[in-house]
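Peer 1: Have a look at this prediction, sequence included:
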Amino acid sequence: MDFLPPDFSPAYPEIFLLVMVCVVMLADLVAGENRRYIAYLLSQMALFGCALLTFITFSAETTYTFSGMFVDDAMADILKLMVYITVAAVLVYSRSYISVRGMFTGEFFSLVLFATLGMMVMISASHFLTLYLGLELLSLSLYALVALQRDNATATEAAMKFFVLGALASGFLLYGMSMVYGATGSLHVASVSEAIKTGALNHEVLVVGLVFIVAGISFKLSAAPFHMWAPDVYQGAPTAITLFIGSAPKLAAFGFVMRLLVDGLGEMVADWQGMLIILAVMSMAVGNIAAIAQTNIKRMLAYSTISHMGFLILGFISADTNGYSSAMFYVISYVLMTLGTFAIIMILSREGFEAENIDDFKGLNKRNPWYAFVTMLLMLSMAGIPPMIGFYAKLSVLQAVLSAGFIWLAIVAVLLSVIGAFYYLRIVKLMYFDEPVSNEPILPQGDVKVLISVNGLAVIALGIFPQMLMGLSLYAIQNSM
Amino acid sequence: MLLGFPLLSLVIWLPVLIGLLVFATGGDRNAPMARLIAIIGSVLGFLVAIPLYTQFDPALSTMQFVEKHVWFERFNVHYHLGVDGISMPLILLNCFTTPLVVMAGWEVIRERVSQYMGAFLVMSGIVNGVFSSLDTILFYTFWEASLIPMFLIIGIWGGPNRVYAAIKFFLYTLLGSLLMLVAFIYLYQASDGSFSILDYHHLPLPIEPQILIFLAFLLAFAVKVPMWPVHTWLPDAHVEAPTGGSVLLAAILLKMGGYGFLRFSLPIVPDASQYLAGMMIALSLIAVVYIGLVALMQVDMKKLIAYSSIAHMGFVTLGFFLFNAYGLEGAMVQMISHGFISAAMFLCVGVLYDRLHSRQIADYGGVVNKMPVFAAFFMLFAMANAGLPGTSGFVGEFMVIMGAVKVNFWYAFLAATTLIFGAAYTLWLYKRVIFGEVASPAVEGLKDISKREFAILAILAISVLWLGVYPFPLTEVMHATVNELLVHVANSKL
């Protein structure tokens, strides 16, 4: 029998990144204690190289490879480009934070890159096993990252919690996938979809499988009632790691849901629509209400994430191009806002001091009006106030929900977001209306300074000109369905 | 007419850009520069708005100075601007008020001057945007964005309870407007993908959705106006806001609510408006009578004027829902006139507050002995607030009462009680503060108004008298639009 090698070209970015991770590990080994920045530079170069490869090979065509287990389409490319940008920003933002805390090591960079690789695989998977592989690569790297500070008891505790619950969720997911396999006889996303379309299957088995899959997805998205891990992990992990967990993986999770629920189980929309409505409403309610009671900023942002995931899930409910592209736009704008917010928390921290309480934002306007202004833009964007991007994201999701005829759901969503506005406003209040408790100067490095400013201004600029990202999302979804 | 020249864009973005420039002057070291740029910018903002009046064609009821560009295609949203006889006077009122509030904060604001002045200029541009947007998403963007500067103005430079007032102001308004957003998106679906306000004016709708949309709009606009019973944020916000903030709030922001009724509720859902007119009239009359009585009992000057504002705005909403020309034009005149009078009243209180740092009526008395010029001005504005003929306050109220008589004598009767209550609370306030014996050593030490304060009050005094004696220039420009609106509302969209 002849062996035909598969077409590697759609997976060039992944292959390149894998090679680079090994290079980073080796280089760091050789470079030694004083030249850690080599690992940093190599990682940034790796991401840049991936971006270049993805950009060059970009096409609206959908190509499958590795016997149909791997897919490269417009959505995958665009999401991956977003992931590279996000991870690169994470690295810039966390550099000084991790170096004063003894985490500026080769392991940090290789784990971040492995997680990135996991995300890329998740985004490009067209087979249940590839999906699972990508997810586990991401999750395991994240568990290790949370526990990177060995002596830090809270971080270790958070890592344990994260690991145990995450493993449970993966189990759920696998179990659900096995049920789907049992019913359809295939693990290929496309053939599963085909098999369900024939309608001659055992519906009960499929639905039970679906329930487990949705539960597993909800864990990964941190949607209520599967959100319990998020506040503890967000609070316990070092802020740089929280930033990473809270940002790029959400892009991958969006891709994951698209591949699994929409491409694979899209025919069962009537079954998962109801489940998603419950998840969305609960997430928005739990997230927004619980966030009010928080005094720890990272914990508050964890609850805020939960409510944002609720909104994201709303986008899937209409189950059409319009809704999916709205959800994609939402997740991209969410990542943009999260990046900026955690970056601000990190520049407020310094050696031996963690800015963790919302009171650390007190009087920021007096300490540094520019960062106060940037934070205000970010907070108002999260609250969904125009002309910030968060509003247009909410607008497109609400529009999708109403087009599917769920007026009550839109009303519930806006009422809950009024509650949400309160705790974002509280941060603005602390920064602008209160007196500072400390007068330590805020001195981020030059590139961080620039990037935070760009990040903050992007929140308003992309809000004033939302067509770019909206159009991009629509293009991605239209060309991949 | 200056064809093709984006005059409205200039009116919106010039103050915003100059406001950003003021922010850029930075810390309080550069405060004189911030003040200078702010006053030049605000006067410039008023000057560029004047062509809106001079070039306006009062015979047309359609939109003028129209600008239309695609904003984002994804949802077919346009950058669509235009003004008619309803919105143009409000834009002028706003541009006119901005230099006054900048001057009012000239010496009083000593901390973070650039942020204060910049916020007012940005606010001015945003409000112009609210009044000239013809696309609902554009409108909503300006509408919500206007909350941000006001939130900061109340919260940073306000009184002791400013945080509570600022957050209450923000959340109250946000709650109202988000349901309006849902209504907009519903209309977007119903009109097959258009966010244009003018398209909605001709969109047929069954009665049930009309009523729901009306209620969603009502919540947004009633909070802004504010109508009884969703008025409770206003006294708090007024009391805590700095003088400039109160002026802006009373003179301009409340008008956004009134404007909303005219631009959205009446033309988009005319049948629901007719159907629910009884309720609206009842709420308005409660505001006029009950809030008038509440105002009588206040011991805080700013609170008293805040309640008087609510009562006067009750007249405005009453006029809207009488569905005749007198009522509607009277309500419009009342909006503009209330803009002048409430601004003047708050500035007068501000003058006293800057000197004595008290808003309690009981702390004053006999001010006329020390501040005769001020007392004369305050007299004029108090009379205007009470609706004395010859001042602008009379014209609007009289027209609305005329309109009400045509509909139902008792509406007119109840509305007319405001002439008694209004006179009672305003003149009693005036008596207690200005006349009598000099109440305390602090009052003994009062100095009469400075040239700056004189200038501000004189400008407003002229406006109030001019509008009272000769309102024709104002009614002329709105006449065609109001008639068109009445015809439009009379046609069922079912």
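Peer 2: Arrived safely.
Peer 1: now the helix or strand of chain B with the lowest mean pLDDT, how far from the chain's geometric center?
Peer 2: Within chain B, no helix or strand scores below helix B:441-444, which has a mean of 77 by mean pLDDT, DSSP states H and E. Distance, stretch centre to chain centre, for helix B:441-444: 35 Å (CA atoms, centre = their mean, to the nearest Å).
Peer 1: With adjacent residues omitted, what lies nearest to residue A:257?
Peer 2: Spatial nearest neighbour of residue A:257, chain neighbours left out: residue A:217 (5.9 Å); criterion: CB to CB, 6 or more residues apart in numbering or on different chains. In this view, the C-beta of every residue, glycine as well, is placed from N, C-alpha and C.
Peer 1: gap between the two ends of stretch A:342-357?
Peer 2: Taking CA to CA, to the nearest Å, stretch A:342-357 runs 13 Å from one end to the other.
Peer 1: Excluding its own residues, what touches that stretch? List them.
Peer 2: Stretch A:342-357 has contacts (CB atoms under 8 Å, 6 or more residues apart in numbering or on different chains) with A:89, A:93-94, A:96-97, A:100, A:235, A:239-240, A:242-243, A:246-247, A:295-298, A:301, A:360-361, A:364, A:371, A:374-375, A:378, A:440, A:442, A:444, A:448, A:451-452, A:455.
Peer 1: picking that back up, the residue nearest to residue A:257: helix or strand, and which one exactly?
Peer 2: helix A:203-221 (DSSP states H and E).
Peer 1: what angle separates whichever helix or strand comes after that helix from helix A:203-221?
Peer 2: Helices and strands here follow DSSP H and E; after helix A:203-221, the next one along the chain is helix A:229-236. Interaxial angle, helix A:229-236 versus helix A:203-221 (axes from the mean of the first three to the mean of the last three CA atoms, to 10 degrees): 20 degrees.
Peer 1: Check which residues of helix A:229-236 are buried.
Peer 2: Residues A:229-236 are the ones in helix A:229-236 that count as buried (16 or more other CB atoms under 10 Å in any protein chain shown).
Peer 1: Which residue is the nearest non-sequential neighbour of the residue in the stretch 251-400 of chain A positioned nearest to chain B?
Peer 2: For the stretch 251-400 of chain A, the residue closest to chain B is residue A:386, as judged by CB to the nearest CB, at 3.9 Å. Leaving aside its chain neighbours, residue A:386 sits nearest to residue B:141 (3.9 Å; criterion: CB to CB, 6+ apart).
Peer 1: which residues does the one you found contact?
Peer 2: Residue B:141 sits next to A:386-387, A:391, B:129 when contact means CB under 8 Å, 6+ apart.
Peer 1: Which residues of chain A lie near chain B?
Peer 2: By the rule CB under 8 Å from any CB of the partner chain, the part of chain A lying against chain B is A:365, A:369, A:380, A:385-387, A:391, A:395-396, A:398-399, A:402-403, A:407, A:410-411, A:414-415, A:417-418, A:421-422, A:425-426, A:428-429, A:432-433, A:465-467, A:470-471, A:474.
Peer 1: what's the distance between the nearest residue in space to residue B:356 that is not next to it in sequence and chain A?
Peer 2: With sequence-adjacent residues excluded and distances taken as CB to CB, 6+ apart, residue B:356 is closest to residue B:442, at 5.5 Å. Separation of residue B:442 from chain A (CB to the nearest CB, to the nearest Å): 29 Å.
Peer 1: Next up, phi/psi of residue A:386, please.
Peer 2: Phi and psi for residue A:386, reported as degrees, to the nearest 10, are phi -70, psi 160.
Peer 1: what sits against it?
Peer 2: Each residue near residue A:386 by CB under 8 Å, 6+ apart is listed here: A:392, A:463, B:140-141, B:144-145.
Peer 1: Would you mind confirming that residue A:444 is in contact with residue A:96?
Peer 2: Yes - applying CB atoms under 8 Å, one finds residue A:444 in contact with residue A:96, separated by 7.2 Å.
Peer 1: So which bits of stretch A:437-451 are buried?
Peer 2: In terms of neighbour count (16+ other CB under 10 Å), stretch A:437-451 has its buried residues at A:444, A:448, A:451.
Peer 1: The last one: what secondary structure?
Peer 2: The three-state label given to residue A:451 by DSSP: H, G, I helix; E, B strand; the rest coil is helix.
Peer 1: rewinding a little: state the pLDDT value of the residue nearest to residue A:386.
Peer 2: Model confidence at residue B:141, given as pLDDT, is 91.
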